[in-house]
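[1] can't give you the sequence, but here's the structure:
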C-alpha cells in the first residue's frame, strides 16, 4: 500500500474497532495496532484498506516497531487515534510497580514518543489530526483505580504541550474524555463483576445511558476531519450527561 494512513491503537475491539470501521466506510486507509494478533485477524483478516500490526505498546521499542511498519507500507500518517490501554485496579499500597509502569508506558509514553516521531517532516501529511482517548477516571475519585486514573491524567497533561509544539508543523492534537462506554474492557474491568442491581445503579448516573463505541467513533471522526480544522489542544467530555448531575 502507499499514500497516507490513519493509525488506530487498540484497534481490535471496543472503541478502536468502531473507529476503524467508520474510517474504512469513509474509504480511508488504516494502520490497526493491537496486542492481540488473534483478535486483529478476526477483526480484519486480509481486508482491503487495513494493515494490521501486533505490538505490545508497553514495551520500550514499541514506537520503533510501529513506525517502521508504517513506513514500509505507507508514505506517512494523516491521522492518529490512541485507544489502546488497560485497567488494573488495586488500592494504594498494593499497586505493583510493573503494572504502574505498563499503564504509563501504554497510555502516556507511547503517545508522547509516537507524537514526537510523527512530528518529523517526512512522517506526516499536511493537516494531520491526532486524537487521544482519556477517561473520566482522572477527574473523579474512584477507590482502587488510582494507577489507571493517574495514567489517563498523564494523557491530558501531555496534550497541550504536544499541541503547542506540533501546531506549526500542521498537526493538531485533541483529546476525548469518555464516561462509561459499553466495551469488552468495561465488562472485564467491572461490569461482569458487579451484580445486575449494581450495574443498573451505575447506569442511573448517566441520563443518556452508557455510551456505545460508535458514540466515541462519531466524535473521533469529527476531530479527524477538516470540520475541526480550527481546534487543537482541547478536551471534549463525552459522558451521556453524567457530569451535569
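    In hand now; what should we look at? Small disclaimer: the values here were computed from a predicted structure and weren't measured.

[2] all helices of this structure, in order?
    Ranges of helices in the chain, per DSSP state H, are 14-25, 37-44, 62-73, 97-104, 110-118, 146-166, 184-189, 196-203, 213-224.

[3] just the buried positions in the lowest-mean-pLDDT helix or strand in the chain, please.
    When each helix and strand of the chain is scored by mean pLDDT, DSSP states H and E, helix 184-189 comes last, with a mean of 86. Going by neighbour count (16 or more other C-beta atoms under 10 Å), the buried part of helix 184-189 is 185, 186, 189. To be clear about C-beta, it is placed using only N, CA and C from the backbone, and glycine gets the same treatment.

[4] contacts for that helix, please.
    With C-beta atoms under 8 Å, 6 or more residues apart in numbering as the test, helix 184-189 has contacts from 13, 14, 85, 86, 87, 89, 180.

[5] check those and tell me the two furthest apart.
    The widest separation within these, taken as C-beta to C-beta, falls between 13 and 89 and amounts to 19.5 Å.

[6] next, name the residue at the spatial heart of the chain.
    Centroid-nearest residue in the chain, with C-alpha atoms, centre = their mean: residue 83, separated by 1.7 Å.

[7] who's in contact with residue 112?
    Taking C-beta under 8 Å, 6+ apart, we find residue 112 in contact with 158, 162.

[8] returning to that earlier point: distance check, the residue nearest to the centre of the chain against residue 9.
    Note on residue 83: its distance to residue 9, by C-beta to C-beta, to the nearest Å, is 6 Å.

[9] what's the overlap in contacts for those two?
    Contact criterion C-beta under 8 Å, 6+ apart; residues shared by residue 83 and residue 9: residue 16.

[10] could you report the separation of the nearest residue to residue 36 once chain neighbours are set aside from residue 211?
    Nearest non-adjacent residue to residue 36, counting by C-beta to C-beta, 6 or more residues apart in numbering: residue 12, 5.4 Å away. The gap separating residue 12 from residue 211 is 19 Å, by C-beta to C-beta.

[11] those two - which one has more neighbours?
    residue 12 (26 against 22; other C-beta atoms under 10 Å).

[12] longest single strand anywhere in this structure?
    Identified as the longest strand of the chain according to DSSP state E is strand 124-133.

[13] contacts for it?
    4, 15, 76-83, 85, 111, 115, 118, 155, 159, 166, 169-176, 178, 216, 220, 223-226, 228-229.

[14] among these, name the buried ones.
    So, by 16+ other C-beta under 10 Å, the buried ones in the contacts of strand 124-133 are 4, 15, 76-83, 85, 111, 115, 118, 155, 159, 166, 171-176, 178, 216, 220, 223-224, 228.

[15] quick one: the residue sitting furthest away from the middle of the chain and residue 7, what's the gap?
    Relative to the C-alpha centroid of the chain, counting by C-alpha atoms, centre = their mean, residue 197 is the outermost residue, at 29.9 Å. Residue 197 sits at a distance of 41 Å from residue 7 (criterion: C-beta to C-beta).

[16] ok, residue 105 next?
    Note on residue 105: its distance to residue 7, by C-beta to C-beta, is 17 Å.

[17] likewise for residue 41?
    According to C-beta to C-beta, residue 41 stands 19 Å off from residue 7.

[18] next one: residue 136
    For residue 136, the distance to residue 7 equals 25 Å [C-beta to C-beta].
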